[in-house]
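Participant: Based on what follows, work out the 3D shape:
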Amino acid sequence: MSGVEQVDFEKLFSKSPNPYVLLDRDFKIAWMNEAYLAATMRSRDDLLDVGMFEAFPSDPQSESFTLLNDSLHRVLGTGMADEIALIRYDIAGPDGTMNEMYWSATHTPVLDDRGETAFILQHTVDVTELHSLRRARDEMYLVQRADAVQARNAGLRQESAQLKALFEQAPGFVAVVEGPRHVFRMANASYRRLVAERDIVGHSVEEAIPEVVDQGFVSVLDAVRQDGRAYVGQRERVMLKREGGDDVELRYLNFIFQPIHQDGSVTGIIIQGYDVTDQVEASEAQRLLIDELNHRVKNTLAIVQGLAAQSFRDLEGAETARRAFDARLNALAAAHSLLTARNWESAVVADIVSGAVTAAAGDDVSRVDLTGPHLPLPPQVGVSLSMMVHELTTNAIKYGALASDTGRVSVDWKVENVEDHRTLTLDWRESGGPPVVSPERLGFGSRLIQRGLSADGGGHVDMIFDPRGLHCRVVARLGATA
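Facilitator: Reported below is the predicted structural model:
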């Protein structure tokens with residue numbers, strides 16, 4: 001047995017000149033030394049197994065009661081020592097007269113085998129005399145400094161409580177891990193729900209959430225810690241245990257692993273993100289519906305094309321009309337495919353025009369110049385524009401700029417806010433082709449062009465048959481101003 005093990009620590013504390021008292025979790029006095037009895041002017045029988053606030057009463061609304069009560073509860077709540085730099089706490093003398101007294105106290109938790117606070121050891125010092133001499137410069141400075149420190153500590157505790165409340169209520173999940181083993185130090189309510197309310201604080205990621213190890217997330221944390229660069233995950237698949245069981249379920253997460261830098265090294269990592277499982281599943285369901293719709297529309301167009309072929313078969317001279325009809329169907333299918341690729345949300349003007357010209361003119365699309373802003377159009381407007389551009393391209397191939405080797409087409413567009421709505425102006429200009437003559441009558445294609453592409457029926461189309469080249473101007477009302 002070593003010399004330290006032979007020391008009777010109870011006797012040592014009993015003979016200490018410094019006052020000590022031991023409180024249980026209910027703040028009842030379980031033990032005290034002689035110095036404490038002398039400082040408080042009480043006997044052992046007066047204090048043993050008596051509550052601290054019963055043995056030394058104080059108004060619950062007073063600052064004295066609040067400071068001592070809060071300090072003791074902080075030790076129970078945090079398992080960490082707490083200090084009161086200066087407290088006025090009056091106690092009764094042997095004759096029952098209340099004496100104005102000032103103290104400085106330290107409260108230290110005494111832990112049991114489970115690591116929980118079983119007792120609180122209070123070390124208290126009577127500083128009444130020092131406080132009574134506060135008018136002297138040195139002592140005054142010490143008292144003011146103690147008051148300032150205590151005020152700052154109170155402010156910091158309040159700010160800390162506010163930040164903790166904000167952290168806990170953050171809408172996204174947030175956690176902080178530290179060290180090479182990525183031990184959880186903090187985790188808010190959203191993160192705890194994500195991991196099925198498991199006890200994770202104080203445990204490493206590998207211990208707390210073992211199912212993510214084989215999925216590579218611990219390796220990603222290792223890389224962030226080593227390289228000091230953040231990792232961003234978008235819609236990443238993560239298999240996590242369900243609450244109350246060992247079964248796992250698929251979740252989709254958007255998140256970031258943000259390194260915490262201190263003194264030039266990474267000391268920890270902030271994990272922050274959102275569970276987007278519902279959005280991903282809804283998006284997948286929408287994609288399935290759109291794919292099914294696209295499949296059915298293509299089948300319908302194929303049936304229409306077959307019916308047209310049968311209908312035109314026995315008509316003399318109908319081959320040209322049948323080819324024009326097939327081309328229009330193909331243009332409609334191309335526009336539909338473009339919108340399908342964008343989940344039927346919108347398609348931009350440049351993609352619509354380029355796709356329609358390419359479908360009709362092939363390599364001659366290089367002779368078509370496009371100029372205009374990035375402008376998404378509603379689906380129905382996009383289909384109409386695609387059909388119009390198909391007809392204009394077909395006419396240019398037959399009679400206009402694309403009928404010659406040197407001809408060119410320029411397409412430019414702009415959008416303007418007019419009162420309470422937006423207006424699109426699109427100009428199709430041809431040059432370098434055969435001389436243009438005004439047609440004696442309008443065919444189906446020309447009539448289709450003049451229908452325009454306005455979403456609500458407003459707007460107009462001007463066909464200008466300039467001998468130097470066709471100019472088609474489309475003015476369309478697109479809807480309310482954004």
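Participant: which residues are contacting the top strand by length along the chain?
Facilitator: When every strand of the chain is counted residue by residue (DSSP state E), the longest turns out to be strand 248-262. Identification of contacts with strand 248-262 by C-beta atoms under 8 Å, 6 or more residues apart in numbering yields 173, 176, 194, 211, 220-221, 224-225, 228-242, 266-277, 279-281. Every C-beta, even on glycine, is put in place using the N, C-alpha and C of the backbone.
Participant: Let's see which of those end up in strands.
Facilitator: Using DSSP E, those in strands are 173, 176, 231-241, 266-275.
Participant: And the closest residue in space to residue 368 that isn't next to it in sequence, which helix or strand is it part of?
Facilitator: Excluding the flanking residues, the one nearest residue 368 by C-beta to C-beta, 6 or more residues apart in numbering is residue 409, at 4.6 Å. Take DSSP states H and E as the rule and residue 409 turns out to sit in strand 408-418.
Participant: List of residues touching that strand?
Facilitator: Against strand 408-418 from outside (C-beta under 8 Å, 6+ apart): 349, 353, 357, 367-373, 375, 389, 393, 396, 400-402, 422-432, 478, 481.
Participant: of these, buried ones?
Facilitator: The neighbour count (16 or more other C-beta atoms under 10 Å) marks 349, 353, 357, 367-368, 370, 372, 375, 389, 393, 396, 400-402, 422-424, 426-432, 478 as buried among those.
Participant: circling back to that earlier point, which pLDDT value goes with the residue nearest to residue 368?
Facilitator: On pLDDT, residue 409 comes in at 93.
Participant: residues near it, how many?
Facilitator: Residues near residue 409, counting by other C-beta atoms under 10 Å, number 26.
Participant: ok, what's across the strand from it?
Facilitator: residue 368, residue 430 (DSSP bridges).
Participant: what's the distance between it and residue 164?
Facilitator: 65 Å (C-beta to C-beta, to the nearest Å).
Participant: Out of the buried ones among the contacts of strand 408-418, name the ones that lie in strands.
Facilitator: Going by DSSP E, the strands hold 368, 370, 422-424, 426-431, 478 from these.
Participant: okay, who's weakest in those by pLDDT?
Facilitator: residue 478 (79).
Participant: Next up, the contacts around it.
Facilitator: 377-378, 381, 415, 421-424, 454-455.
Participant: rewinding a little: could you give the angle of the strand holding residue 409 to strand 421-431?
Facilitator: 160 degrees (axes from the mean of the first three to the mean of the last three C-alpha atoms, to 10 degrees).
Participant: Return the distance of strand 408-418 from the chain's centre.
Facilitator: Centre-to-centre, strand 408-418 and its host chain are 38 Å apart (C-alpha atoms, centre = their mean, to the nearest Å).
Participant: Now that strand: buried residues?
Facilitator: For strand 408-418, by 16+ other C-beta under 10 Å, it's 408-411, 413, 415.
Participant: Show the low-confidence segments of the stretch 1-150 of the chain, by residue range.
Facilitator: 1-9, 131-144 (pLDDT under 70).
Participant: Show me the helices in it, by range?
Facilitator: 9-15, 34-40, 44-47, 52-55, 63-78, 128-132, 137-169 (DSSP state H, counting those that start in this stretch).
Participant: most tightly surrounded among the ones you listed?
Facilitator: helix 34-40 (a mean of 18; mean count of other C-beta atoms under 10 Å).
Participant: neighbouring contacts of that one?
Facilitator: By C-beta under 8 Å, 6+ apart, helix 34-40 touches 14-21, 43-44, 47, 56, 91, 124, 126.
Participant: For the nearest residue to residue 150 once chain neighbours are set aside, which residues are in contact?
Facilitator: Closest residue to residue 150 apart from its sequence neighbours, by C-beta to C-beta, 6+ apart: residue 85 at 4.7 Å. When contacts are counted by C-beta under 8 Å, 6+ apart, residue 85 touches 104, 146-147, 149-150, 153.
Participant: now residue 180
Facilitator: Residue 180 touches residue 225, counting by C-beta under 8 Å, 6+ apart.
Participant: could you give the angle of the strand or helix carrying residue 186 to strand 265-275?
Facilitator: Taking DSSP H and E as the definition, one finds residue 186 inside strand 183-187. Interaxial angle, strand 183-187 versus strand 265-275 (the same axes, to 10 degrees): 50 degrees.
Participant: Can you name every helix or strand that strand 183-187 contacts?
Facilitator: Judged by 3 or more C-beta pairs under 8 Å, 6 or more residues apart in numbering; DSSP states H and E, strand 183-187 is in contact with strand 173-178.
Participant: average pLDDT for the strand it packs on?
Facilitator: 92.
Participant: Who are the packing partners of it?
Facilitator: strand 183-187, helix 189-194, strand 265-275.
Participant: what sits opposite the spatially closest residue to residue 225 that is not a sequence neighbour in the beta ladder?
Facilitator: Take residue 225 and drop its neighbours on the chain: the residue closest to it by C-beta to C-beta, 6+ apart is residue 266, 4.9 Å away. Counting by DSSP bridges, residue 266 is bridged to residue 261.
Participant: PyMOL command to pick out the buried ones of the ones in strands among the contacts of strand 248-262?
Facilitator: Here is the PyMOL selection string for the buried members of the ones in strands among the contacts of strand 248-262, based on 16+ other C-beta under 10 Å:
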select buried, resi 173+176+231+233+236+238+240+241+266+268+269+271+272+273+275
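Participant: any idea which of the contacts of residue 478 is least confident?
Facilitator: For the contacts of residue 478, the pLDDT minimum is residue 455, 45.
Participant: Filter the contacts of helix 34-40 down to the buried ones and express that as a PyMOL selection.
Facilitator: This is how PyMOL selects the buried members of the contacts of helix 34-40, with burial counted by 16+ other C-beta under 10 Å:
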select buried, resi 19+20+21+47+56+91+124+126
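Participant: Name the spans of the stretch 151-300 of the chain whose pLDDT lies under the cut-off.
Facilitator: Using pLDDT under 70, the stretch 151-300 of the chain drops low at 160-161, 163, 165, 167, 244-245, 286-300.
Participant: about what we covered before: can you list the buried residues in the longest strand of the chain?
Facilitator: 252-255, 257-259.
Participant: Give me the distance between that strand and the centre of its chain.
Facilitator: With C-alpha atoms, centre = their mean, you get 10 Å for strand 248-262.
Participant: cool, stretch 85-100 as well?
Facilitator: 55 Å.
Participant: Distance across it, terminal residue to terminal residue?
Facilitator: The first residue of stretch 85-100 is 17 Å away from its last residue (C-alpha to C-alpha, to the nearest Å).
Participant: I'd say residue 190 and residue 170 touch.
Facilitator: Yes - using C-beta atoms under 8 Å, residue 190 is in contact with residue 170, at 6.6 Å.
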